[in-house]
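J.: Fold the stuff below for me.
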Amino acid sequence: MFFQRNAHLGREHGRCRFNDDCEVNINTRHVCLHCRLKKCFASGMQMSHFRSSRGNQTKTSRKRKMASTTSNDRQLTIQLPTINLLRSDNSSLNSAQWILIANLIHSYDESRLLAAARRLMNENNISQVEQIRDPTVVRDFLKQTYETTGKYLHANHDFLILPPDDRFVLLRHAAENVQCLSTIFIWNQSKLYTHRSFMKTCNYLYGEQLVNMVRHAMKFIDPDLVLVKLAA
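T.: Now for the predicted structure:
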């Protein structure tokens, strides 16, 4: 829950710079205070439930407790800086870096591909049939992963400001990797790979060796959507 001072800070922050379309979770909650506060109210938060700031007596007691920390505890903190960072809810990123990360996350629209995967499964009843009658529906679905990758790159301002030669090199070496990663992620999220008819059609269209490579890569995909987007 926000402390009262955080709520006031969120109000003073003004409107969202991303058209009130921020994805607020444990990884991005520091990016936009406005959307974070709005999500809290949408979840049932009330002003009367805000925790008040601790008094000087509590702060003094806390300082004394920290001063009495044993040398072993201090050593553990030094050895595990990442765990300490998470516990204290701090970050070394500045505001500009958080905004950059948020832009990268929002510029890739996975919802379109997930919706297309659901339509593919529902309209063709792939969970019940042995084989998909029209293989072109699978080809059209995979084609959308290329289109989504193209929109993602086009929406990336850092990519657009590159000189033409640099953009060509990046497209030649990185665009296909982004598309492959998005395909692996969508297969994993939609569970398309669990349907025999879908996999048989992919084997027919693209070869069993390539399909097996995708299935093998899915074992290493991180379930966190934000990390996958940043990796792409």
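J.: all contacts plus neighbour counts: C-alpha atoms, from now on.
T.: OK.
J.: For Val129, grab phi and psi.
T.: phi -90, psi 160 (degrees, to the nearest 10).
J.: and it, how many neighbours does it have?
T.: 13 (other CA atoms under 10 Å).
J.: contacting residues around it?
T.: For Val129, the contacting residues are Ser197, by CA atoms under 8 Å, 6 or more residues apart in numbering.
J.: ends of stretch 153-171, how far apart?
T.: With CA to CA, to the nearest Å as the measure, stretch 153-171 spans 9 Å from end to end.
J.: per-domain residue ranges of this protein.
T.: 4-97, 108-231 (automatic domain parsing).
J.: And those domains, which one averages the lowest pLDDT?
T.: The weakest mean pLDDT among those belongs to domain 4-97, with a mean of 60.
J.: Next, work out how far apart Asn203 and Arg139 are.
T.: In terms of CA to CA, Asn203 sits 12 Å off from Arg139.
J.: ditto for Arg36
T.: 39 Å.
J.: who's more crowded, these two?
T.: Arg36 (22 against 14).
J.: Report all helices and strands that the strand or helix carrying Leu114 contacts.
T.: Secondary structure assignment for Leu114, by DSSP states H and E: helix 110-124. Secondary-structure packing of helix 110-124 (3 or more CA pairs under 8 Å, 6 or more residues apart in numbering; DSSP states H and E): helix 136-154, helix 176-190.
J.: Let me know which of the ones you listed is the nearest to Leu120.
T.: helix 136-154 (7.4 Å; CA to CA).
J.: ok, how many other residues are close to the closest residue to Ser127 other than its chain neighbours?
T.: Closest residue to Ser127 apart from its sequence neighbours, by CA to CA, 6 or more residues apart in numbering: His195 at 5.8 Å. Neighbour count for His195, taken as other CA under 10 Å: 16.
J.: try the one 5 residues further on
T.: Under the neighbour criterion other CA under 10 Å, Lys200 is assigned a count of 18.
J.: was I right about it contacting Arg133?
T.: No. The pair Lys200 / Arg133 is not scored as a contact, 11.3 Å apart, by CA atoms under 8 Å.
J.: just the helices in the chain please.
T.: Along the chain, counting by DSSP state H, helices occupy 4-12, 33-42, 56-67, 71-79, 81-88, 95-107, 110-124, 136-154, 157-160, 164-170, 176-190, 196-206, 208-217, 225-231.
J.: any idea how far Leu162 lies from Lys38?
T.: 36 Å.
J.: Show me which of these two is the more surrounded one.
T.: Using other CA under 10 Å, the more surrounded residue of Leu162 and Lys38 is Lys38, with 16 against 12.
J.: Who are the contact partners of the more buried one?
T.: No contacts exist for Lys38 under CA under 8 Å, 6+ apart.
J.: same question, Gln189
T.: Contacts of Gln189 (CA under 8 Å, 6+ apart): Leu114.
J.: That one and Leu113: what is the separation?
T.: From Gln189 to Leu113 the distance is 10 Å (CA to CA).
J.: Right, I'll leave it there.
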